[in-house]
Structures are given as C-alpha cells and as structure tokens.
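# The following block contains a protein sequence and its predicted model.
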Amino acid sequence: VLEGVTPAMRVAREETFGPVVSVYRVYSVDEAIERANDSEYGLNASVWTGDLAQGREVAKRIECGTVNVNEVMMIYNSFALPMGGVKASGVSRRHGAHGIRKFTQMQAIVTHLRPVPWVGPIKLATSAEQVKRVLRLLRLWAKMPFLR
C-alpha cells in the first residue's frame with residue numbers, strides 16, 4: 001500500500017501488476033473520478049462505498065474495462081462477463097461472449113431474397129470443359145444490363 005503518491009511518480013502513471021495499490025486523498029467524488037480517468041490505461045478499478053447505488057453511478061463514469069464496487073477482482077472468476085481493458089490497456093477481452101469472439105472469425109453471407117430461376121442449382125465443375133462453360137456463363141452474366 002503506497003501513500004503520498006504524486007502524479008510525477010511512475011507508479012501514478014504506469015500500470016502496476018501484483019499486490020500494489022496507491023492511495024490518493026481526494027476531496028470529492030468528481031475529483032476521484034477525474035484522478036481515476038487521468039491515465040492512458042484502463043484495465044481495472046475499484047470503488048469502495050457504503051452506498052451501493054452511488055458506487056454503481058461512480059463506476060459508470062470511470063474509464064476502465066472492469067470497475068468493481070466493494071470488490072477487487074471477482075471479475076477474474078466470472079466467466080460469463082467479458083474481462084479486459086480500455087485505452088492502452090484495451091488489447092482484447094476474455095470470458096463471456098466477447099471473449100469467445102476473439103477466437104472466431106466473423107463471416108458475412110449475403111443471400112438474394114428470391115432464388116434466381118435461370119441459374120439453376122450450383123454444381124461443381126469436374127472437367128476442363130465444364131470450367132470453360134462456367135467461365136462463359138460468368139462473362140455473359142457480367143454483360144447483362146440489369147446486373148450493372
């Protein structure tokens with residue numbers, strides 16, 4: 001636990017990992033939020049209060065990927081919730097639907113609302129002659145004025 005930390009100190013400007021906490025004396029909620037947001041980082045924060053409703057309101061104003069109210073790191077074992085940072089801490093997310101998505105590739109598939117009857121079912125070309133026919137069909141299709 002570090003007291004008397006000033007804005008000029010590295011511990012006030014850089015992310016710390018491990019059992020380190022800096023304690024700052026502030027004189028209003030707005031000043032506390034301003035100090036919390038005055039950083040290029042935003043991984044995790046904690047709000048400690050006797051008024052949970054006010055704690056949640058303060059948490060909404062802090063620019064962090066996770067803000068705990070009267071907690072430290074419960075998010076770490078809350079697998080249904082996305083966990084990660086914002087700003088320079090915002091590399092990615094883990095846990096929850098957002099975390100799962102980082103291991104997937106999105107794909108858009110666009111389908112015409114009506115089948116195009118004159119095209120017929122798609123069949124794979126199995127010979128050079130069939131490939132030539134498909135290419136001729138594609139060239140012809142590209143020349144159709146209603147497709148431009």
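Cool, the structure landed. Numbers count the residues shown, from 1 in each chain.
# element containing Ser39?
Using DSSP states H and E, Ser39 sits in no helix or strand.
# Identify the residues contacting it.
Arg13, Lys87 (CB atoms under 8 Å, 6 or more residues apart in numbering). C-beta: built from backbone N, CA, C; applies to glycine.
# got it, and Ala88?
When contacts are counted by CB under 8 Å, 6+ apart, Ala88 touches Glu40, Tyr41, Gly42.
# So the last one sits against Val67, correct?
Spelled out, it's Gly42. No - counting by CB atoms under 8 Å, Gly42 does not reach Val67; the two are 9.5 Å apart.
# what bits of this structure have low per-residue confidence?
Residues of the chain that meet the criterion pLDDT under 70 lie in 73-82, 91-126, 145-148.
# In it, what residue spans correspond to helices?
Along the chain, the stretches classed as helices by DSSP state H are 10-13, 29-37, 52-61, 96-101, 128-143.
# TSV for these, including mean neighbour count and distance to Ser46?
Formatted as TSV, the helices of the chain follow (neighbours: other CB atoms under 10 Å; distance: least, CB to CB, whole Å):
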stretch	mean neighbour count	distance to Ser46
helix 10-13	12	16
helix 29-37	15	10
helix 52-61	14	9
helix 96-101	14	20
helix 128-143	10	61
